[in-house]
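**Student:** the following comprises the amino acid sequence and a computationally predicted model.
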Amino acid sequence: MAAPWAELAAIVGSDHLRAATPADAVDGVPAQMVIKPASADELARALRVANAAGLSVIPRGGGTKLGWGNPPRRADLILSTARLDRVLEHAWGDMTATVQAGCTVEHFQRILAEHRQRLALDALWPERATIGGMLAANDSGALRVRFGALRDLIIGITLALPDGTLAKSGGKVVKNVAGYDLPKLATGSLGTLGVITEAVFRLYPLPRDVCSMSLTAASTDTLCQIVLAVQDSRLAFTGLQLRAESEGPPQLDVRFEGTTAGIQAQVNQLLQLAKHATQVDIPPNAPDIWKAREALWTGTEPALIAKFSVLPSQLSSFCGLVARVAQPLGVTWRLVGQGFGVGFLRLEAQREQNEAALVSAVGSLASELEQLGGTLVVVHCPPAMKVGFDVWGSSGDAQPLMLRVKEQLDPAGTLNPGRFIGGI
């Protein structure tokens, strides 16, 4: 085995460094080797060797979002966090927990539930998604309307930098404002600044009871008006989700948590605000409706899935825009949006190999949204489609600042080269 592979094998053991297979390719870009460190120290040492040898490194957790972002320019080494899978500390009295990056979200939640606590988010594919990958992709879900996004929940982080430094920021207390805010910087960076090895989170209690209501109306405009009314009310909802598609009536889902009596009072107030809905009911499989985002990854191909953000007051207009753009191109669509104006959109071409229609549709939508101050980021599409456009869209005036941060933390461009905004 030629260097640097021999040096990497000496760090993790030969059993944990193997040749990559076609299944390890990232967006169609083949990798050479896969390494699985057993500790943060091993990971940092391996990263230092790879950086010195000029290898490109692709961090990987559960692989659920490995297709997000642009294709990497190179993928020499896949750095897996699969063996960093422990919950290191659950300070249940302080309502904080420290967890390694390779731990799955589901396992972490199960450990926290032993003390009736939780990480207050509903990530995609929690049984496979890891803590590190979830942070790198900034995947929060519908609970953020009540508890905030990941950047509000993370209070400490350990990050392995390409030069082998293990940088720590934050701590185990809920209020910690000293020093550089590395946790927020790493969240959503898609693994381009460093490799997350540990994270510390603030926790919330598990609710005593949960009730979800689904409202149906003749138009998305009616439901979006209800969304705004709910947001302006005193209702303490923990989920607010709009489901719309090119065929069929739209639906609005609202979730309440608390005591049985408290929830009933909330439901009564909701019914007063939802007088213009044509139907209000409790869905028979209520937990499943909050997996509507995951359902967007099923359907016919070719398809394109994008994450969008608009002002809450623009959600109805956005739904109308999608319909106007998609219909002339023969594209069908499904949308799941949260009440604060963030959501996911699936576009499907109705004719095989008609990928040009998808590219045209997403280009028009991105252009219109940019004028409104919104964003559209493609998170899923056939790798060949990514050749023609940047999945991130316009980076605006943030690009120079992001480049400077990248140059400070990863000057050689070792981590995920080309995958982030503007080819960072």
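**Tutor:** Great, that's in hand. Numbering: from 1, shown residues only.

**Student:** which residues touch stretch 224-238?
**Tutor:** With contacts defined as CB atoms under 8 Å, 6 or more residues apart in numbering, stretch 224-238 is touched by 142-143, 145-147, 207, 215, 217, 240, 242, 252, 254-258, 266, 269-270, 273-274, 276-277, 312-313, 315-316, 319, 339. Every residue, glycine included, has its C-beta placed from N, CA and C.

**Student:** quick check: what element follows the strand or helix carrying Arg324 along the chain?
**Tutor:** Using DSSP states H and E, Arg324 maps to helix 315-326. Remark: after helix 315-326, the chain's next helix or strand is strand 331-338, criterion DSSP H and E.

**Student:** the next helix-or-strand element following that next one vs helix 315-326, what angle?
**Tutor:** Reading on from strand 331-338 to the C-terminus, the next helix or strand found by DSSP H and E is strand 342-349. Strand 342-349 and helix 315-326 meet at an angle of 20 degrees, taking axes from the mean of the first three to the mean of the last three CA atoms, to 10 degrees as the criterion.

**Student:** look up phi and psi at the residue lying closest to Leu315 once chain neighbours are set aside.
**Tutor:** Take Leu315 and drop its neighbours on the chain: the residue closest to it by CB to CB, 6 or more residues apart in numbering is Cys224, 5.0 Å away. Cys224 adopts backbone torsions of phi -70, psi -30, taken as degrees, to the nearest 10.

**Student:** output the lowest mean pLDDT helix or strand found in this structure.
**Tutor:** helix 286-289 (a mean of 84; mean pLDDT, DSSP states H and E).

**Student:** how about the CA coordinates for that one, as PDB?
**Tutor:** Listed next in PDB are the C-alpha coordinates belonging to helix 286-289 (Å, rounded to 0.1, in the frame of the first residue of the first chain):
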ATOM      1  CA  ALA A 286     -51.300  11.600  12.800                       C
ATOM      2  CA  PRO A 287     -47.500  11.000  13.200                       C
ATOM      3  CA  ASP A 288     -47.300  10.100   9.500                       C
ATOM      4  CA  ILE A 289     -48.400  13.500   8.300                       C
END
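
**Student:** mind listing residues that contact it?
**Tutor:** Here helix 286-289 has contacts from Val210, Cys211, Ser212, Ser214, Gln241, Arg243, Asp253, Pro283, using CB under 8 Å, 6+ apart.

**Student:** make it 10 Å
**Tutor:** For helix 286-289, contacts defined as CB atoms under 10 Å, 6 or more residues apart in numbering pick out 122, 142, 210-214, 239, 241, 243, 251, 253, 255, 283, 294-295, 336.

**Student:** so where do the helices sit in this protein?
**Tutor:** 5-12, 40-52, 105-113, 131-137, 144-147, 150-153, 182-186, 220-232, 260-273, 286-289, 292-295, 315-326, 355-372, 399-409 (DSSP state H).

**Student:** show me what contacts the nearest residue to Arg18 once chain neighbours are set aside?
**Tutor:** Closest residue to Arg18 apart from its sequence neighbours, by CB to CB, 6+ apart: Val34 at 5.4 Å. Shown in contact with Val34 (CB under 10 Å, 6+ apart): 16-21, 24, 58, 60, 77-80, 82.

**Student:** how about Leu206?
**Tutor:** Gln109, Leu112, Ala113, His115, Arg116, Gln117, Arg118, Ala120, Glu257 are the contacts of Leu206 under CB under 10 Å, 6+ apart.

**Student:** where are the low-confidence patches of the stretch 301-424 of the chain?
**Tutor:** Along the stretch 301-424 of the chain, the model assigns pLDDT under 70 to residues 351-353.
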